[in-house]
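Student: show me how the following folds:
(one chain, ligands or ions: 1)
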Amino acid sequence: MKDEIVIDLFNPYSRLFPNRKLVDKGTLELIKHLRTEGYTIKIKPDNEVPLQYLFKKGYHEFFTDPVYIFFAGAASSVVTTLIANGIQKVFDKWGKSSSNTINNNVIIINKTTNETINIVNQPISKGEINDKRKKVKTNAERFKQCFSMVSPYPNLQTPIYLEHKPQIVGWGRLDLDNNGLVVEESIILDKIVRKKIRSGKIKGLSVTGISETSICSICESDYVQCNHIAGETYNNVMCANELHESIFIEVSLVCVPINEKCLIKMI
Ligand SMILES: [Zn+2]
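Tutor: Below you'll find the model as predicted:
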């Protein structure tokens, strides 16, 4: 039997949705990869709170928030290589490349040797880890402040964020139609953002939410618990992650939306 790996996930909305264990697409695919390799994965804190799927439909989400991975016993390099390969797999699929920030956001802690490294086997100092923890807390606090802001426009009540960061750049009206959530009308207050929309640099929308129940279309069990990956085919059947009972969190303008139909138009 292989070792157990403990993962401490970051909940950017902890001030608004406390006591939740949220996992995003990239991290979940990494977890599924590790489980497929025979590792037992525990999510911190080890309590009865169910793991829930945090969806964001933008490419920038992958490993942009710190993930802490703890293990004991095995050789660091084996686990590190496995994690690095898992992340590479996720990136290859989405045509994204890793960066120093991403490498340093995956913090691997060997509980036996007390060694702390990133996915390219470089040491990460305690100072750096503390800075990351502080940043996480500050971001959660900033999101809480954003959520309590009141729109100056009576008909545009939904805040519009930029790249899922705790920064409101405009206000809009959100409606539900046959295709899902749509921003019917909006005002973008940030001048630089307006310029980037005009030049086509920012061109899409992305919604963040928590799916309280997500079901795998292949095995019909809880998608966060099984090892199938949405978008991959199993016996010629493509796996889909069916999101049920979702809670809307925020809508962001993004440079590259995952859903290429999710585009914006400036008028
Ligand atoms: Zn499944």
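Student: surely Pro12 meets Glu141?
Tutor: No: the criterion here is Cβ atoms under 8 Å, and Pro12 misses it with Glu141 at 10.6 Å. Using the backbone N, CA and C atoms, a C-beta is placed for each residue, glycine as well.
Student: which of these two has more residues huddled nearby?
Tutor: Neighbour count, other Cβ atoms under 10 Å: between Pro12 and Glu141, Pro12 has more, with 24 against 13.
Student: give the contact list for that one.
Tutor: By Cβ atoms under 8 Å, 6 or more residues apart in numbering, Pro12 lies in contact with Asp65, Val136, Asn139, Ala140, Phe143, Pro166.
Student: in strands, which of the residues you listed fall?
Tutor: The strands, defined by DSSP state E, take in Pro166 from these.
Student: most neighbours among the contacts of Pro12, please name it.
Tutor: Most crowded among the contacts of Pro12, counting by other Cβ under 10 Å, is Phe143 at 23 neighbours.
Student: and the gap between the closest residue to it other than its chain neighbours and Val136?
Tutor: Closest residue in space to Phe143, ignoring its immediate chain neighbours: Pro166 at 4.4 Å, by Cβ to Cβ, 6 or more residues apart in numbering. Distance of Pro166 to Val136, computed by Cβ to Cβ, to the nearest Å: 11 Å.
Student: check Pro12 too.
Tutor: For Pro12 relative to Val136 (Cβ to Cβ), the value is 8 Å.
Student: overlap in contacts of these two?
Tutor: Asp65.
Student: picking up where we left off before, quick check: the residue nearest to Phe143 vs Pro12, distance?
Tutor: Distance of Pro166 to Pro12, computed by Cβ to Cβ: 8 Å.
Student: any common contacting residues for those two?
Tutor: Shared contacts of Pro166 and Pro12, counting by Cβ under 8 Å, 6+ apart, come down to Asn139, Phe143.
Student: just give the number of residues close to the closest residue to the ion within the stretch 51-200 of the chain.
Tutor: The minimum distance from the stretch 51-200 of the chain to the ion, using Cβ to the ion, falls at Tyr53 (12.9 Å). When neighbours are counted by other Cβ under 10 Å, Tyr53 registers 21.
Student: just checking, what packs against the strand or helix carrying it?
Tutor: Using DSSP states H and E, Tyr53 maps to strand 51-56. With contacts taken as 3 or more Cβ pairs under 8 Å, 6 or more residues apart in numbering; DSSP states H and E, strand 51-56 sits against strand 21-24, helix 25-36, strand 204-216, strand 241-254.
Student: out of those, flag the one nearest Asn235.
Tutor: strand 204-216 (14.0 Å; Cβ to Cβ).
Student: how about the closest one: buried residues?
Tutor: The neighbour-count check on strand 204-216 (16 or more other Cβ atoms under 10 Å) flags Gly204, Leu205, Ser206, Val207, Thr208, Gly209, Ile210, Ser211, Ser214, Ile215, Cys216 as buried.
Student: in JSON lines, list these along with distance to the ion and pLDDT.
Tutor: Supplementary listing: the buried residues of strand 204-216 in JSON lines, determined by distance: Cβ to the ion, whole Å; pLDDT from 0 to 100:
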{"residue": "Gly204", "distance to the ion": "29", "pLDDT": "85"}
{"residue": "Leu205", "distance to the ion": "29", "pLDDT": "85"}
{"residue": "Ser206", "distance to the ion": "25", "pLDDT": "85"}
{"residue": "Val207", "distance to the ion": "24", "pLDDT": "87"}
{"residue": "Thr208", "distance to the ion": "23", "pLDDT": "89"}
{"residue": "Gly209", "distance to the ion": "21", "pLDDT": "91"}
{"residue": "Ile210", "distance to the ion": "20", "pLDDT": "93"}
{"residue": "Ser211", "distance to the ion": "15", "pLDDT": "93"}
{"residue": "Ser214", "distance to the ion": "10", "pLDDT": "94"}
{"residue": "Ile215", "distance to the ion": "9", "pLDDT": "96"}
{"residue": "Cys216", "distance to the ion": "3", "pLDDT": "97"}
